[in-house]
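**Student:** structure of the sequence below:
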Amino acid sequence: MSDATERPAADSDAWATACAEDLEAEKERRRATYGPQPGSATEELRKLVDAVADKVSALPGPLFGMAAQGAVQQFINQAKAAVEPVIERNPGVFDHLAAAGNELLAAYRSAVESQEARWTQETPPSTGPVRETEKAGDPTDPRDEGPGPDGRIDLD
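**Tutor:** As a prediction, the model looks like this:
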């Protein structure tokens, strides 16, 4: 090979290195702008269990009494002991469940938005060209009883 087409070995990873640096800089910029990203679904579940346990433990003593408060604390400890091995064995499952929940939410949101768009339209959407005999108010069409009180025929 000639000197013009040869590359030194250090330059072979230059593109990957530059991309990695740019990605890290973008992540840092987003962290500075939006704050830290939420953790994985597994970490979030652990935080939820801890937060619920802390709230239940912090309930005032007169509400339960001392014996009942001990039973509540024991229940909390048992629940944490039961949840922790499940989280440890199946960390990816919770990420998949969180992703599936996001997909379901997006599908629901899309369905609701399209339904709201249909409800708020001034005129019904056209399904294609209308023949002369299908127009509202055509006196020669025996099926036509005329338009409704607002000038439109409601077919729903």
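**Student:** for Ala41, grab the count of nearby residues.
**Tutor:** Ala41 has 19 neighbours, counted by other CB atoms under 10 Å. Where you see a C-beta, it was placed from the backbone N, CA and C, and this is true even at glycine.
**Student:** what sits against it?
**Tutor:** 94-95, 97-98 (CB atoms under 8 Å, 6 or more residues apart in numbering).
**Student:** ok, now with 6 Å
**Tutor:** Applying CB atoms under 6 Å, 6 or more residues apart in numbering, we find Ala41 in contact with 94-95, 98.
**Student:** so which residues of this structure form helices?
**Tutor:** If DSSP state H is used as the criterion, the helices of the chain fall at 14-34, 41-57, 61-64, 66-89, 91-120.
**Student:** could you export these as JSON lines, including mean pLDDT?
**Tutor:** Below are the helices of the chain laid out as JSON lines (pLDDT from 0 to 100):
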{"stretch": "helix 14-34", "mean pLDDT": "90"}
{"stretch": "helix 41-57", "mean pLDDT": "82"}
{"stretch": "helix 61-64", "mean pLDDT": "58"}
{"stretch": "helix 66-89", "mean pLDDT": "80"}
{"stretch": "helix 91-120", "mean pLDDT": "88"}
